[in-house]
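Asks: Return a 3D structure for these sequence lines:
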Amino acid sequence: MKFSQVLVRENSKAVEAAWFNDVRASGLAIENTLGAGYVEEKEAELLNNQAAPADLSSYLNFDTTSVRAAFIDFFAYRNSTVSGERVGGGRLIAIFRPISLTWEISPPIGLWGDDLGVSFSMSGSKVQYASDPMDPAGYGGKIRFKATTFGLFT
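Replies: Purely as a prediction, here's the structure:
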């Protein structure tokens, strides 16, 4: 069932259980497509000259009891009034190794745009980043990301 097929509720009519069941079924279909631990589109700040890896966001912290891999799509923008702008995006793939209980993350795949001067790593189940220095005059850096995930094998 598609959401477009769910009937529009009118205040004068009672809502039948079947309607709620249809909405639930549609929601479950979306969750199954996105994965057990999907992350909807979010935004985070990219600090300048972040030499030591830092957590990218509390949202990119995967639960190993339900997630075994994640595809993380991102788009980033860094700008300095002196150094200029860097714009780009790509995909990261994070995998969990259940025997060694460790996460690994790929370098950006399908990277397009500028060299962002940003690298990614994992610390436990959290995605982290580091960034190179740009001139601090007027610096600003943002990243938008979303993730689809894969659950446990049955």
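
Asks: Which parts of the chain are strands?
Replies: 39-45, 54-55, 69-80, 84-97, 102-105, 109-113, 118-123, 126-131, 140-150 (DSSP state E).

Asks: Can you read off the pLDDT for S26?
Replies: In this prediction, S26 carries a pLDDT score of 80.

Asks: same question but for V39, I mixed them up
Replies: As predicted, V39 sits at a pLDDT of 85.

Asks: got the contact list for the spatially closest residue to it that is not a sequence neighbour?
Replies: Computed as Cβ to Cβ, 6 or more residues apart in numbering, the closest residue to V39 that is not its neighbour in sequence is A147, at 4.1 Å. Every C-beta, even on glycine, is put in place using the N, C-alpha and C of the backbone. By Cβ atoms under 8 Å, 6 or more residues apart in numbering, the contact set of A147 is G37, Y38, V39, L60, A70, F71, I72, D73.

Asks: Let's see that with 6 Å instead.
Replies: A147 makes contact with V39, A70, I72, according to Cβ atoms under 6 Å, 6 or more residues apart in numbering.

Asks: pLDDT score assigned to it?
Replies: A147 carries a pLDDT value of 94.

Asks: Now D132: phi and psi?
Replies: When quoted as degrees, to the nearest 10, the phi and psi of D132 stand at phi -80, psi 170.

Asks: how about low-confidence regions in the chain?
Replies: Regions of the chain meeting the criterion pLDDT under 70 cover residues 1-15, 36.

Asks: what's the domain layout of it?
Replies: Segmentation of the chain into domains, based on automatic domain parsing, reads 3-34, 39-150.

Asks: Please identify the deepest-packed of these.
Replies: Mean neighbour count, computed with mean count of other Cβ atoms under 10 Å, is highest for domain 39-150 among those, reaching a mean of 16.

Asks: Appreciated, that's everything.
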